[in-house]
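K.L.:
I'd like to go over a predicted model; first the sequence, then the structure.
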Amino acid sequence: MGFQHEAKDILYNCYEEIIDNYNQTALLLNSCERAAIYYHSRSSRVTINTIGNIPAEFRLDTDISSTFSKKDLIEQYEKRLAIKLAKDYLVTTITTLDGLMEDLYELVLTHQELDKTEEQIKRMIRWGDTGIPGDLITRLPALETHSNSLGFKLEDFLNTYEHLRQIRHAIVHTKGLLRRRHLTKMQTLEAKMNDKQRGSVKQFYDGDKVVLSPLTTLVLRHWCLTFISFLTVAFTEATEE
C-alpha cells in the first residue's frame, strides 16, 4: 500500500473514532436529560445508593456509602454529569488527535528514513520543533502552504489544537485550574488568531478556570472534524508532489 493510501486510512480511522466518541457522548447526554425529567416527575421519596448494587465480594471494609436524594439526582443529571461528560469528551478527543499526529509522523518517517529500524523510528517520535509538528512540516513542506476554502492554513489549526491541549492538560493534571504557564501559552496562541478563532477557544475557559458544557462539546466536535478533513486534503496534496 502506498504512502498516500496509508495516510488516508489513518485519517479515516481517526475520523470514525471521533464520530463514535461523540455519538456515545450524545447518547449519555440524552440519558441524563431523560433521567432528570424522570426524577422531576417523581412525587414519592426516592434515593439511590451508588454502591448498593456492588456484589459483596467487591466491596471494601472502608467503603463509604453515597446516597443521593431526589434533589441530588436532579442536580447531578441536569448539571454536574453534563460537565463530567464534556470533560471526558475533550480529554478523549484531544488524546485521539495526539495519536493521529503521532501515527502520521511515524508514517512519514517510515517512508523517508528507509535505513532506520522500527525501534529507531519509534524513538524519533516526539513533540516540538524537532518532532511534531515542526519536523513533520519540514518533511512535507506542502502541508504548510495548503489552505481550505475559508483561507485557514495548518498553522491556524495547530494554534487551536495547542490551545486545546493546554485545556486538556489543566483538566487532567490541575483539576481544571489553568496555571500561569498554561495562560501564557494560550495568550501567545490567541495573539496569532483572528477574532472568530479567538472567540471560539475562549469558550473553554474563564479567567484561570476551565469551563466546559455540552456547548463546548459541540464546538470541539465541529472543529475536530474540520481539522481531520483539512489534514486529509493537505496530506493528499503534499504526497502528490
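P.N.:
The structure has been received and is ready for your questions.

K.L.:
For the longest helix anywhere in the chain, name the packing helices and strands.
P.N.:
Longest helix of the chain, by residue count under DSSP state H: helix 3-41. Other elements packing on helix 3-41 under the criterion 3 or more C-beta pairs under 8 Å, 6 or more residues apart in numbering; DSSP states H and E are helix 70-75, helix 81-112, helix 214-240. Using the backbone N, CA and C atoms, a C-beta is placed for each residue, glycine as well.

K.L.:
can you put the ones you listed in JSON lines and add mean neighbour count, distance to T188 and mean pLDDT?
P.N.:
Formatted as JSON lines, those follow (neighbours: other C-beta atoms under 10 Å; distance: least, C-beta to C-beta, whole Å; pLDDT from 0 to 100):
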{"stretch": "helix 70-75", "mean neighbour count": "16", "distance to T188": "38", "mean pLDDT": "92"}
{"stretch": "helix 81-112", "mean neighbour count": "18", "distance to T188": "19", "mean pLDDT": "96"}
{"stretch": "helix 214-240", "mean neighbour count": "18", "distance to T188": "19", "mean pLDDT": "91"}
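
K.L.:
I'd like those helices laid out as JSON lines, including distance to N30.
P.N.:
Converted to JSON lines, the helices and strands packed on helix 3-41 look like this (distance: least, C-beta to C-beta, whole Å):
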{"stretch": "helix 70-75", "distance to N30": "16"}
{"stretch": "helix 81-112", "distance to N30": "11"}
{"stretch": "helix 214-240", "distance to N30": "11"}
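
K.L.:
And these: which comes nearest A142?
P.N.:
The minimum distance between A142 and the helices and strands packed on helix 3-41 falls on helix 214-240, with 3.8 Å, by C-beta to C-beta.

K.L.:
Okay, angle between that closest one and helix 3-41 too, please.
P.N.:
Interaxial angle of helix 214-240 relative to helix 3-41 (axes from the mean of the first three to the mean of the last three C-alpha atoms, to 10 degrees): 170 degrees.

K.L.:
For stretch 36-49, list the C-alpha coordinates in PDB.
P.N.:
Coordinates of each C-alpha in stretch 36-49 appear next as PDB, following Å, rounded to 0.1, in the frame of the first residue of the first chain:
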ATOM      1  CA  ALA A  36     -33.600  14.500  35.000                       C
ATOM      2  CA  ILE A  37     -37.100  14.600  33.600                       C
ATOM      3  CA  TYR A  38     -37.900  11.300  35.300                       C
ATOM      4  CA  TYR A  39     -36.800  12.400  38.700                       C
ATOM      5  CA  HIS A  40     -38.600  15.700  38.400                       C
ATOM      6  CA  SER A  41     -41.800  13.800  37.800                       C
ATOM      7  CA  ARG A  42     -41.400  11.500  40.800                       C
ATOM      8  CA  SER A  43     -43.800  12.600  43.600                       C
ATOM      9  CA  SER A  44     -42.700  10.000  46.100                       C
ATOM     10  CA  ARG A  45     -39.400   9.900  48.000                       C
ATOM     11  CA  VAL A  46     -36.500   8.400  46.000                       C
ATOM     12  CA  THR A  47     -32.900   7.700  46.900                       C
ATOM     13  CA  ILE A  48     -30.100   5.900  45.100                       C
ATOM     14  CA  ASN A  49     -27.100   4.300  46.800                       C
END
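
K.L.:
In that stretch, which residues are buried?
P.N.:
Buried residues in stretch 36-49, counted by 16 or more other C-beta atoms under 10 Å: A36, Y39.

K.L.:
again, but for stretch 170-187
P.N.:
Applying 16+ other C-beta under 10 Å to stretch 170-187 flags A170, I171, G176, L178, H182, K185, M186 as buried.

K.L.:
again, but for stretch 9-22
P.N.:
In stretch 9-22, counting by 16+ other C-beta under 10 Å, buried: I10, L11, C14, Y15, E17, I18, N21, Y22.
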